[in-house]
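J.: Quick one, what's the 3D model for this:
(chains A and B)
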Protein chains: 2
Amino acid sequence: MMPHLLRPGTVLRSSGLGQEQERAAAAVADAAAGHAVALIGSGDAGIYAMGSPALEFADATIDVVGVPGVTAALAAAAALGAPLGHDHAMISLSDLHTAWPVIERRITAAAEGDLVTCFYNPASARRTWQLRRALELLAAHRPPGTPVGWVRDASRPGQAASLSTLREFDPALADMHTLVVVGSSRTRVQAGRMVTPRDYRWAEP
Amino acid sequence: MMPHLLRPGTVLRSSGLGQEQERAAAAVADAAAGHAVALIGSGDAGIYAMGSPALEFADATIDVVGVPGVTAALAAAAALGAPLGHDHAMISLSDLHTAWPVIERRITAAAEGDLVTCFYNPASARRTWQLRRALELLAAHRPPGTPVGWVRDASRPGQAASLSTLREFDPALADMHTLVVVGSSRTRVQAGRMVTPRDYRWAEP
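T.: Here you go, the predicted structure:
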């Protein structure tokens, strides 16, 4: 944040993770009071972020302009190669607000559909077993050599990335700042890059 | 394109749709010959775009820097509200390079997993029935009132967007420049905006 670049009189409210509903409600209340409000987050505000809670509160009297951004999966994919070159799914492993059986059902669906799968919120200090279980569900439908990409702090200072396989990947590498991408049956590693071909006929021998 | 902003001596090669493999091979050949090459497309180069064909050709002697962008689904989602606030799938309906049964299997998986579903390449002059069939597959698992969002030319001049439902949506509205987003069981329309809540417990009465 560079407050010296803001127009004089601008009020800056910073907050960390948590209290999403309260923050969204406060932003909408300020807008309803006649202020111009920018609700800003990293990545894309519409993907697992403040967009939907804010729009839950905003009635039709409030003008909302959505500005798309680069969500973590796209930043991570660019760092890994082109793993999202064909059909894929985004699934959050946070069971804070979603029941775990719902999440398992989605992972199983992604597995059955042979979708490249991106896991948001793969782990935290308290959520330590979910990613291991998610990988087991995918491994029931994909070969053990399926590429797995791991990116921490995508597009941020200190970005780290590496490639592994369903057989070898250690879920303990993941934390709250990590994005994990598991390939489809067609994904492969080419010159150290994770690539999902767009053209299936071309990919076949 | 603004060629007058390019460094003198820069060679500009423009092309339209098609011949992706040839374009990717040409870009990699230029890089292998020692040139600095920028392979540019709209949206995100890694999502149904030139990233994966280029990386199929590039060997480890070629440095590749992936720059993430805003893929059509994110631009369309921002125009519609926040339909991608929770888990979702991206599926291309182009059967030019992927067999239709594979595509159907993926749509069915997205339906069974209750994933918000974004359809890339929903229709073209020659592909006229695929979107209708895709919506039927989703409708087998979702109520007829499920929101459907439609955006043409997302983030481009002349952008158009509208909301409908699985029961009412007319697939003939879609063409090559259209992105179609079908909500999950939790997606709703709030003040004219398509919103998928992030917090399922909160969304429940």
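J.: In contact with A:Cys118, which residues?
T.: Listed by CB atoms under 8 Å, 6 or more residues apart in numbering or on different chains, the contact set of A:Cys118 reads A:73, A:76-77, A:84, A:88-91, A:179-181. Any C-beta I mention is one placed from the backbone N, CA and C, and that applies to glycine too.
J.: If we use 10 Å, what do you get?
T.: Counting by CB atoms under 10 Å, 6 or more residues apart in numbering or on different chains, A:Cys118 touches A:71-74, A:76-77, A:83-84, A:88-92, A:110, A:149, A:179-182.
J.: Considering only those residues, which also neighbour chain B?
T.: Taking CB under 10 Å from any CB of the partner chain as the test, chain B is in contact with A:71-74, A:76-77, A:83-84, A:88-92, A:110 out of the contacts of A:Cys118.
J.: Surely A:Ala24 forms part of a helix?
T.: Yes. Under DSSP: H, G, I helix; E, B strand; the rest coil, A:Ala24 falls within a helix.
J.: Go through the contacts of A:Cys118 and flag which are in helices.
T.: A:72-74, A:76-77, A:110 (DSSP state H).
J.: What sits closest to A:Asn121 if chain neighbours are left out?
T.: A:Ser94 (4.0 Å; CB to CB, 6 or more residues apart in numbering or on different chains).
J.: Check that neighbour and give its pLDDT.
T.: Turning to A:Ser94, the model gives it a pLDDT of 94.
J.: Spit out the contact partners of it.
T.: A:48, A:103, A:119-124, A:127, A:130, A:176, B:198.
J.: Nearest to A:Ala25, out of the ones next to chain B among the contacts of A:Cys118: which one, please.
T.: Of all those, A:Ser92 has the smallest distance to A:Ala25: 22.1 Å, by CB to CB.
J.: what's the neighbour count on the closest one?
T.: 21 (other CB atoms under 10 Å in any protein chain shown).
J.: How about it, nearest residue that isn't a chain neighbour?
T.: Spatial nearest neighbour of A:Ser92, excluding adjacent residues (CB to CB, 6+ apart): A:Tyr120 at 4.3 Å.
J.: Tell me which residue lies nearest the centroid of chain A.
T.: Closest to where the C-alpha atoms of chain A average out (CA atoms, centre = their mean) is A:Tyr120, at 4.0 Å.
J.: From A:Gly43, how far off is it?
T.: According to CB to CB, to the nearest Å, A:Tyr120 stands 10 Å off from A:Gly43.
J.: joint contacts of the two?
T.: Going by CB under 10 Å, 6+ apart, residues that sit against A:Tyr120 and also against A:Gly43 are A:71-73.
J.: picking up where we left off before, which ones among the contacts of A:Ser94 lie within helices?
T.: Per DSSP H, those map to helices at A:103, A:130.
J.: circling back: and the residue nearest to A:Ser92, what is it in contact with?
T.: Contacts of A:Tyr120 (CB under 10 Å, 6+ apart): A:43, A:47-48, A:71-73, A:76, A:90-94, A:176, A:178-180, B:87.
J.: Give me the pLDDT for it.
T.: A:Tyr120 is assigned 97 on the pLDDT scale.
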